[in-house]
Structure formats: C-alpha cells, structure tokens
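Q: Sharing a model that was predicted from the sequence below.
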Amino acid sequence: MEGGVVHLPMLSRVAVCGGTHGNELSGVYLVRERLKTKKMVEEEDELVSVLTVLTNPRAVQQCRRYTETDLNRCFTQATLNHPILDRTPYEIIRSQELNLLLGPKGRPEAVDLICDLHNTTSNMGLCLIAYSDCDWICLHIFRYLQMQMPDIPVRYIHFDLPPKEAYSLESVGKHGFAIEIGPQPHGVVRSNTYTTMKSGVQHMLDWVRLFNSGTTFDGGSVEVYSMVKNVDYPRDRETHSITAAIHPQLQDHDFCLLRPNDPLFQTFSGDTLRYQGKEPLYPFFINECAYYEKGIALSLARRRCVMIPTIQMQRGLEHQEDEKEFMSEEEE
Amino acid sequence: MECVSLPPFSRVAICGGTHGNEMSGVYMVREMQKQKVDKFGSFSITAVISNPRAVEACKRYIDTDLNRCFTRALLSSYLVSSSAPITDGTPYELRRAQELNAQLGPKGSHEAMDLVCDLHNTTANTGLCLISYSFDWIGLHLYKYMQKKITSAPIRFFLLDMPFSEAYSQESLGKHGVSIEVGPQPHGVVRADIFNLMKEAVDQTLEWVQSFNSGTTFEGGDVEVYTLEKSIDYPRNPETHEITAAIHPQLQDNDFSLLRPGDPIFMSFAGETINYEGKELHPFFVNECAYYEKKIAFHLARKITVNIPSLSVKMD
C-alpha cells in the first residue's frame, strides 16, 4: 500500500442490529431505546439513513440465545437459499426475512454497513469482529473507536472466511462487523457495558457521517487479531460432560499471550492442565457461556499489523462497486 | 452458658443443580458422584443433582422454580401424589420436589437427612453467602466456624426470618439445612475461582460435621447477620413492563455495602440517574439474572445480631 488515497462509495444505509442472541441484553435494550427515541425503524437525514432492527424477537421475548437454532450461524449463502418447509427452524425463516430486509447478501440492494451488537461472558472489552482484514471501512471505524474511547480496550478480531461461507448477520451487508462487549452475564444488563455499547454505536455513526461528508481518514498501521483455532474443554469420554474449568490464571485474561506450558484448565479434582501448543497465541472468548455446547473453551489468535490506506468518500462510485460484485457473482 | 446437645449427624446431603444453570454446584455434585463420595468419617454423604432436566437443558427450571416448591402445602398436594394421575399439566418441578422429599425427607420427620446443604450460584457479587432459616441455628454455627477458616473471600450470612410452616426451599427438607450461595458467576458458566470457593465451603461444612460428631463443643455467642427488609424492582415501562434502567454503576457489584438515601441506584437507558429514597440498608443480590422475572433488582437487608447457644453432640 503506497501513498494514494483510496476512494470508496458513500455509506448511504447503515443497520444497527441487536438481540441476534436474545439474552445478550445490552444490544436488546440499546435497540429498544433507539426505537423509542427515534420513533421509527429507519431514520434518515441527508448524510445517512439508519435502520434499527431487533433481529430475533422470539428469542428476546424468551430471554434465550435462540429458540431452535443459533440465528447468527444462519447467514451462509446455502442457508439463505434453503427452501422453507414445515419443520424449518424459526431462526432460518428469520434469517431469510433479515436477508430480504438488509440484503440480499451479495447484491447491489444490500445495506452498506451492518453493525450487529453482542455481549459475551468473556472479559474481552470491546471487540470489532469481522471477516475481512482488508475492509478499509471496518478497519477505519475500528481505529476511530480506539481513538474516541481511550478508557476501554478496543480490539479487532478477524475471522478469515470468504463471503459465501460467512455465517453471521453482518455478512449480509456490503460491509459489516459485530460489536462484541464483555464481560456481561447473559440475561443481565450491566450499566457500564450498556453505556460502552451506546458510546461505540454513536461513535460509529459519527464516523459514517464524517466519511459521507467527505472527510479524509489518514492511513497507518492497525493491530489485528486473526483467529487461528479453538480449544475445547477436556470432556468425559462417556457423558461428554466437561471435566475441568478454565484455569484461574487464564480466566479473564483475554488477549494476554498464552505460552506453551501455561496453565489452561483446572480439573474439578484440582489438577492443572497446561497449554500443549508449540506457538504462543492470544486467547479470546475465554469461558464464553454459549460456547460450551459448541465445544469451545477458548479461541486462539495471532496478532499482526495491517497497513490501512488513507480513504475518502467519492460520489458516483456506488454503481462501479455494484457492477464489480455483480460480475464476480456471475463468474462463480 | 447455655449449651444445647444434639444427636450426631449420621446423614448429610449435598445438593447441586437445584437451578439447572448454576454450574459450580452441578460440577461439584458430579465430581462427588464420580469419586463415589458416600462417606466422610462418621457420617454418610448423599450427593444429589436436584433438577436433572433443568441441568440437561442448562436452564434455571423447566416449568417452575424448584426452590420454591418445598412448602408443606406443595409437598403434600394430592394433585401430584403417586395415587393421583399425573397429567401433562403437572409442573415437572412439583413432582420432582415430592421425589426429593421422599429421598431427603420426609420434611419434618424422624427419617429426614440430618443436614441438607444446597449449592447455588448468583450473578450478583455476593462472595460466599450462607443462607438458612431462623428456626434452625446450625447454619449460624457453620458460619461462625467458616469465618475463621475461609479467608480468601468475604463470607456473610443471610437469615430467612419465617416459621417452619412457610419454609419453601430445598434445605428445609432436612432436620437442619443451609444454602451455600457463591457469586459472581454468570449462569451457564463455571468459573474455577467460584468453584474452588464453593468447594472450600462444602469441605468446611463436612469438617464441621465430623468435628461435631467427634465431641467438639462449638461456642455460642452473638452472630452478625443480614435479614430481609424489602425488595426493590427495576423502573418499568407501564405498558410493556420492560425494564427502563439498569443498576447504577456505583451500586453494581457493591452487595452488602451500606446504601444511604440519595445514593444512586439505577441509571436509565436514556442516561438519567435515579436515587434511593428510604432507610439506610444493605443491598444484596444486586443484579441477579433470575430475579428480573421475579421483579427484583436487589434486596435490601438490615444487619442484626442473633445469639446462638453453645452446641455439642449428645453422647448416648
């Protein structure tokens, strides 16, 4: 990446989504508050139009992560194209409704940016989670949040998946990321977590307005955590029940380097199990409640520097971008 | 000084998973069952998963809160007795409470367990909290004993001031009973530090029983405890009943600190502070997840002193 400004189309339509997991309450209450004060789902001014959406209302009503299946795994192209039958889980029907509202995924009509709000029981501070490490919009928003929120640890997590395989809600938009804030128990709203999320969303929208007004955002270097692998709990061979908890020295130490032989788990009978990997990696999603059933005790990432270019909005580029995407769909 | 003597404790029950998503107790009992723990010195131990279906689903309960099903009235309700047909409509937990009453009780009878110890977790920052009813001061003796032995976390005692006839929770099945509540831990999650604290409390309970059975006299005296004065709900939308505020950051995690009139208690989602009006009291179970539906943001307690007699075992 040398010199030069990268020009990108305006972000005319932005979606703020909460309640994708019905018991992650900061996002639920933030979306409800936004809907209350704005009095409509889509609020428009000359700079941007913002849609506010409660994505899994049934799960929110029951205060559960999901009713039949995890909504935030239902946005692969295959699932979005799946025929709806009698027994189709609610969340798959809902993902297809959301795809019509905010997408369709991969099409020119899709919203420009989706910001999906989540909470975690892990001590992760504020994380932006995205599928790309070269989406300059997402990376610049990340940088802006870091600068505007110096009292909170703000990090960027990159999951390396191509768009068709990307399974979560934010992949429906032309750009998208999840804002994940923890620690907060599921089913509980903590005031400080709510305030952090409210602040993060506000700064994100401020950035979009600045960008759409033509502001130049200088490039530079950003630190990104790229997902490498997941580690499961040790389990009983017969019952599959976990036989250890995250070790006290690892608990709450998200993003602190985990070195070979560092304590990883403490068995319920008191023994310490150590990290057997050869490469030191950065742990995150340590002891996330919802991941016990997914077989994940923690995730591990490499930390890297990514160079981002200076960017500026330029009008008239929207159609070029749309054509590019449309053509690559046809090629496939 | 008054000294009461009681027969030795020969049967102790350790119960976990009364709420299926309070995980420290679930894993503690499973570990005890795996290690086939059934004896400790002079007494037998029964380790029980109280609500197996809720544990399986990792939910607090299936139909109704099991830990409110142990009143005399509900335990003897003919609708769920074995002689009446069990319909689909009978809440699972009512039937389960009766099964537990048969296994650990019957409540109030000679056959009941000498001590029922029920394990719980909370999302509130309570540290280690022992809970029992005012008609039974064994829990208070356990508390006195543990205060000297456990220094890794604050320990407090919450006294449920009501007569035996109104007791609704599982530990009231035994001749004596205590709940061990440890927080903060998110529901559905097990934290090693919380599990370890709960294990310390269970181990100390078993040590106490062994020591009691061996003839130790436990000195009585004054014990400082918390007792419920009232509960405060969240501010709610009058139409939707949804909460409109969260516990204020200055109150969050400050269980048992003194709350004074004028102190902030809530911050609305719009950013306004709501202050406390009322007597100086001690908040606890501040922001417990399961209490949102019970319309409780936090309890308020008075600190009182109760006097307990010295205790020793009755040698035949």
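A: That came in fine, so what should we check first?
Q: tally of neighbours for residue A:12?
A: The tally of other residues near residue A:12 (other C-beta atoms under 10 Å in any protein chain shown) stands at 15. C-beta coordinates here come from the backbone N, C-alpha and C atoms, glycine included.
Q: so how far is residue A:314 from it?
A: Per C-beta to C-beta, to the nearest Å, residue A:12 is found 13 Å from residue A:314.
Q: contacting residues for the residue in the stretch 151-300 of chain B positioned nearest to chain A?
A: Closest residue of the stretch 151-300 of chain B to chain A, C-beta to the nearest C-beta: residue B:186 (3.4 Å). By C-beta atoms under 8 Å, 6 or more residues apart in numbering or on different chains, the contact set of residue B:186 is A:121, A:183, A:185-186, A:188, A:289, B:123, B:289.
Q: quick one, what contacts residue B:22?
A: For residue B:22, the contacting residues are B:16, B:60, B:119-122, B:185, B:187, by C-beta under 8 Å, 6+ apart.
Q: So for stretch B:261-281, mean pLDDT?
A: Over the span of stretch B:261-281, the pLDDT mean works out to 97.
Q: That should have said stretch A:160-175, apologies.
A: Stretch A:160-175 comes out with an average pLDDT of 93.
Q: one step back: quickly name whichever of the contacts of residue B:186 is closest to residue A:25.
A: Of all the contacts of residue B:186, residue A:188 has the smallest distance to residue A:25: 6.4 Å, by C-beta to C-beta.
Q: Could you check what's spatially nearest to the closest one, not counting adjacent residues?
A: Nearest non-adjacent residue to residue A:188, counting by C-beta to C-beta, 6 or more residues apart in numbering or on different chains: residue B:289, 4.7 Å away.
Q: Dump the C-alpha coordinates for stretch A:31-39 into PDB.
A: In PDB, the C-alpha atoms belonging to stretch A:31-39 read as follows (Å, rounded to 0.1, in the frame of the first residue of the first chain):
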ATOM      1  CA  VAL A  31     -32.100  -1.200  20.100                       C
ATOM      2  CA  ARG A  32     -35.300  -0.700  22.100                       C
ATOM      3  CA  GLU A  33     -34.000   2.700  23.300                       C
ATOM      4  CA  ARG A  34     -33.100   3.800  19.800                       C
ATOM      5  CA  LEU A  35     -36.600   2.700  18.500                       C
ATOM      6  CA  LYS A  36     -38.200   4.500  21.400                       C
ATOM      7  CA  THR A  37     -36.500   7.800  20.800                       C
ATOM      8  CA  LYS A  38     -36.400   7.700  17.000                       C
ATOM      9  CA  LYS A  39     -40.000   6.500  16.800                       C
END
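Q: Name the residues of it that come out as buried.
A: Neighbour-count burial for stretch A:31-39 flags A:31-35 (criterion: 16 or more other C-beta atoms under 10 Å in any protein chain shown).
Q: With respect to chain B, which of those is nearest?
A: Closest approach to chain B among those (C-beta to the nearest C-beta): residue A:33, at 4.4 Å.
Q: what is the mean pLDDT for whichever strand or helix holds that closest one?
A: Per DSSP states H and E: residue A:33 is located in helix A:25-38. Average pLDDT, helix A:25-38: 93.
Q: other SSEs contacting that helix?
A: Counting contacts by 3 or more C-beta pairs under 8 Å, 6 or more residues apart in numbering or on different chains; DSSP states H and E, helix A:25-38 packs against strand A:13-18, strand A:49-54, strand A:113-119, helix A:191-212.
Q: what angle sits between it and helix A:191-212?
A: Angle of helix A:25-38 versus helix A:191-212, following axes from the mean of the first three to the mean of the last three C-alpha atoms, to 10 degrees, is 60 degrees.
Q: What angle do strand A:113-119 and helix A:25-38 make with each other?
A: Inter-element angle recorded for helix A:25-38 and strand A:113-119: 130 degrees (by the same axes, to 10 degrees).
Q: before we move on, back to that, which one of the contacts of residue B:186 sits closest to residue B:216?
A: Nearest to residue B:216, judged by C-beta to C-beta, of the contacts of residue B:186 is residue B:123 at 36.7 Å.
Q: Might you report the residue contacts of that closest one?
A: So residue B:123 contacts A:185, A:187-188, B:183-187, B:287-289 (C-beta under 8 Å, 6+ apart).
Q: same thing with residue B:159?
A: B:131-134, B:140, B:225-227, B:304, B:306.
Q: and the closest residue to residue A:62 other than its chain neighbours, what is it in contact with?
A: The shortest distance from residue A:62 to any non-neighbouring residue, by C-beta to C-beta, 6+ apart, is to residue A:22 (6.3 Å). When contacts are counted by C-beta under 8 Å, 6+ apart, residue A:22 touches A:28, A:56, A:58-67.
Q: what about stretch A:225-238, average pLDDT?
A: Here the average pLDDT along stretch A:225-238 is 97.
Q: so which helix or strand takes in residue B:231?
A: Using DSSP H and E, residue B:231 sits in strand B:221-232.
Q: So that strand, near chain A or not?
A: No - Strand B:221-232 stays clear of chain A (C-beta under 8 Å from any C-beta of the partner chain), getting no nearer than 15.4 Å.
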